[in-house]
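**Q** here are the coordinates; sequence isn't available:
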């Protein structure tokens, strides 16, 4: 049995109380939500914190999925299982359900949270890629109030985020843009439940003429953080979706990413997957957007 | 004697009633295991018990300059800190391996692989012991490691084993089998020769329960009780007696419930010895349970064979000869567990199931700065490597000849009338009837239809592959004339006692790690004596309460110990017959045995049951002249030969042409293990082994970086398959009994692990045929399959 180094444990009773604890304990403290990344690292003694502040009791306060006309707000303590099962979320952003189906296993999904996933900031993390794809922003709260940052600002490096000492990620906000939208996620993994070799998310918005009004692609495991690719968005906007466009996007994805060779695969292979999965998810996203169109007409 | 053909009656159908003998029945041990009432080593709690943790080397090769334990000794709860220097003083710093090499119990001079044991701490709890490890200050002088096995024998390679007198290189042994000259001659005259470099990478058995022990040394009695995760409690006890100088009768080794072994729990690991030393030093019971990472980086690995395979044939597809040259990586210490005269295990059966004119193998084994081991992971003493070699190269030949791989195999099988068949490397196959097994697998698969489907898919650019493997295993070590481990013969004892009321207890020398011995052995006794399996207690795993034997591995329990169980039951039955003749007042020759009772010939109304006989044997009144009371017997069985099960496996895969992901769509496994004792248990073992095969073929590998850091040190890095990676297994069977085994049974525990990797790899390579691929090495991860599709397949090491 792997055993962690000694640590103190506190259960937070409210977001404000948790922020108070974090301010008092400084960088020697760490929040624990689902714990499925943090606890294994502590058991392997790769992470050693003097204090753990358990925020699972904040699920009531921070566990929610609110779908409004122009925005989706998801509380940071929302569990993977809740994201997987939410029909309202799947209706506006089917990419979430796609991704949740291939995240870890039911045990992890029952405990793991959206906020925990994003704050872990693993370059292979699926929900970070989803949020990048959807142009999400992150609400970070401290004793001096809230600030809102983009996904690009949120991830400052592998395993590093914009959340400072004494701050908590409380909410993710995803804009619902006008027009018909579709989104999709695809992941290649060596085995069910493994981290991605590469994964890709895509979202498209079609205008009345069926032209692409906006498109976004987010990749995981091909760089220090999940990567959004503005060049793809720029190249696709205003054009009619077809195979040649997906190919173009795939080619941009392959040359824009920065994978490394490791036991999951060679850099060349990952670059190839960035291409392949970009094409697949864009194709899937457009199909879904078109299906919405058909359903409406 | 019960004949084998009669047994078929109970063989095939599910039935609600428990068989009195062979047939499907739920496992007796499962009620305990499924309800969490099993008792594993980590469940052992003794009064005052302390906990042990091991400090391991972070480097693959380094000199130990100094070790400062003072801070650790002062740490809360710490009772002892022991280093190699301490053990040196006791003469315990080194211990023998199972291959007549030595291995460091704790490193003294230098460390030779990452994860090697450097010191241990004994403390009041597990946390304190682990925390104190951080306080031990070791100064290392890092040395260049030998990681690339191909460079181990280069003149300027760093010397790993400078502890061995006069050792100047990293050579372990050379080994040869077959006839080189004759093989060369056949090759010279052959129409077709196919050559391929084939690597079987390093894999790890990763049993669900890691290794551990609880040692309890009583200084007053001088007695040691040791609970440990061992597949071979008796062999371990004898070795402890030799290593530690404790008298053998004062050592009790107890293997309680074991959570999987697969060969991982055959060797004696330093940790077991540490717990013994820890108990002697502190005077308290000491528990050591390794964690998952320790298990993966330091305990017995498997394979690591780099093989050059060559096959010679006529243009019509008659296979003439096979030759191979092998470079074997044995790690830092030669810890291979194999019979002494077989340094390469039973790799000599690489001639497979085919009737050849000649065969030859030359092997060189070397030391590297990696964990020791070599025989583990259900490999039947290296038959996994042998079967992979022959079944892969036969497929390469089929490709060269543009012949169907099934047809090529059918054309070259050893024929039924050739058994017993002596191979060109000297193995005597006891029995086999290969074609019906192959045909059954092909029928179950719908082989012709699959080929048609494949042709249609290929035309559309879809990648579908069909892979075949046909294996013959050699299991049940072994005859004492040529098989021993460190001088201990590979026989098995068995003791059977029938109680007065007709219930029985049977004591085995082998030990289950999950194979179901408590059911299988009760069924063997039940078949022979007519006592229901539920009335038979099976005792195993405790050296104080069981007869001597070498343990469970290499699929040897049923071939060796199972034979002992049948024969000891027959001894009891013979005595029962004498008592029955007295009870019924007829001559012995006038009695018929009907399962569970003796009846008078021609007068079935007059009979006595085995239960009545048992009571009489223990009861009042006279027994036949010269007969002692009680109804019991013991035996030590020496097998006259190994048993040779065989099987035909067919795998169907689909490969995503865009991502190169392999999906195993179907897997058909037809096994012939002779007489089948409990078909449900056989199927369970086959399912497990096939899953192993998917793991090895597609994802498992213990890799190292160039500094010797193990890259498979957790289950996040060393992948083992889940239910999502495997199809619904389709199993079938044929029955070709072993002629020399008393009930005609052969071992089966490892067949599927041995036979499935080549079937899967052959299927993947078959799917990649449109890309001109003839061979690609395991593990066939998406990235490596993609390399192969682009003509850039590389060996994994």
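**A** On my side now, so go ahead. Quick caveat, the model's predicted, so the values are computed rather than measured. Residues are numbered from 1 along each chain as shown, chains lettered A, B, ... in the order given.

**Q** from the middle of its chain, how far away would stretch B:666-675 be?
**A** Between the centre of stretch B:666-675 and the centre of its chain there are 18 Å (CA atoms, centre = their mean, to the nearest Å).

**Q** now stretch A:141-149
**A** With CA atoms, centre = their mean, you get 20 Å for stretch A:141-149.

**Q** now swap in stretch B:230-243 and tell me
**A** 18 Å.

**Q** now do stretch A:22-41
**A** How far stretch A:22-41 lies from its chain's middle: 19 Å, per CA atoms, centre = their mean.

**Q** pLDDT on it, on average?
**A** The average of the pLDDT scores along stretch A:22-41 is 94.

**Q** quick one: residues in contact with that stretch.
**A** Applying CB atoms under 8 Å, 6 or more residues apart in numbering or on different chains, the external contacts of stretch A:22-41 come out as A:4, A:12, A:18, A:21, A:47, A:49-56, A:76-77, A:79-80, A:104, A:108, A:111-113, A:115-116, A:119-120, A:122, A:143, A:165-168, B:716. Glycine gets a C-beta too; all of them are placed from N, C-alpha and C.

**Q** tell me the phi and psi of the residue of the stretch 151-300 of chain B found nearest chain A?
**A** Proximity of the stretch 151-300 of chain B to chain A (CB to the nearest CB) peaks at residue B:291, 4.3 Å away. Here is the backbone geometry of residue B:291 (degrees, to the nearest 10): phi -90, psi 180.

**Q** my read is that it contacts residue B:209, right?
**A** No: using CB atoms under 8 Å, residue B:291 is not in contact with residue B:209; the gap is 11.8 Å.

**Q** what's the local residue count around residue 209?
**A** Unless you meant another one, I'm taking chain A. Neighbour count of residue A:209, defined by other CB atoms under 10 Å in any protein chain shown: 7.

**Q** wrong one, chain B
**A** Count around residue B:209 with other CB under 10 Å applied: 21.

**Q** where does it land in three-state SS?
**A** Secondary structure, DSSP: H, G, I helix; E, B strand; the rest coil: residue B:209 is coil.

**Q** and the nearest residue to it once chain neighbours are set aside, what does it touch?
**A** In space, and not counting its chain neighbours, residue B:209 is closest to residue B:259: 2.7 Å by CB to CB, 6 or more residues apart in numbering or on different chains. Applying CB under 8 Å, 6+ apart, we find residue B:259 in contact with B:40, B:207-209, B:229, B:513-514.

**Q** now do the phi/psi pair for residue 267.
**A** All of this refers to chain A. The phi/psi pair for residue A:267 (degrees, to the nearest 10) is phi -60, psi -40.

**Q** ok, the one 10 residues further on next?
**A** Residue A:277 adopts backbone torsions of phi -70, psi -30, taken as degrees, to the nearest 10.

**Q** give me the neighbour count for the residue in the stretch 501-650 of chain B positioned nearest to chain A.
**A** When scored by CB to the nearest CB, the stretch 501-650 of chain B has residue B:513 as its residue closest to chain A, at 19.7 Å. Applying other CB under 10 Å, we find 26 residues neighbouring residue B:513.

**Q** ok, it - contacts?
**A** Counting by CB under 8 Å, 6+ apart, residue B:513 touches B:207, B:231, B:258-262, B:265, B:552.

**Q** what does residue B:318 give?
**A** For residue B:318, the contacting residues are B:411-412, by CB under 8 Å, 6+ apart.

**Q** I'd like to know how far it sits from residue B:191.
**A** 9 Å (CB to CB, to the nearest Å).

**Q** same question for residue A:51.
**A** From residue A:51 across to residue B:191, the span is 76 Å (CB to CB).

**Q** ditto for residue A:197
**A** Residue A:197 is 44 Å from residue B:191, by CB to CB.

**Q** what's the answer for residue B:569, then?
**A** Distance, residue B:569 to residue B:191, using CB to CB: 55 Å.

**Q** also residue B:736?
**A** 33 Å.

**Q** so which of those two has more stuff around it?
**A** Each of residue B:736 and residue B:191 has its neighbours counted (other CB under 10 Å); residue B:736 has more, 24 against 13.
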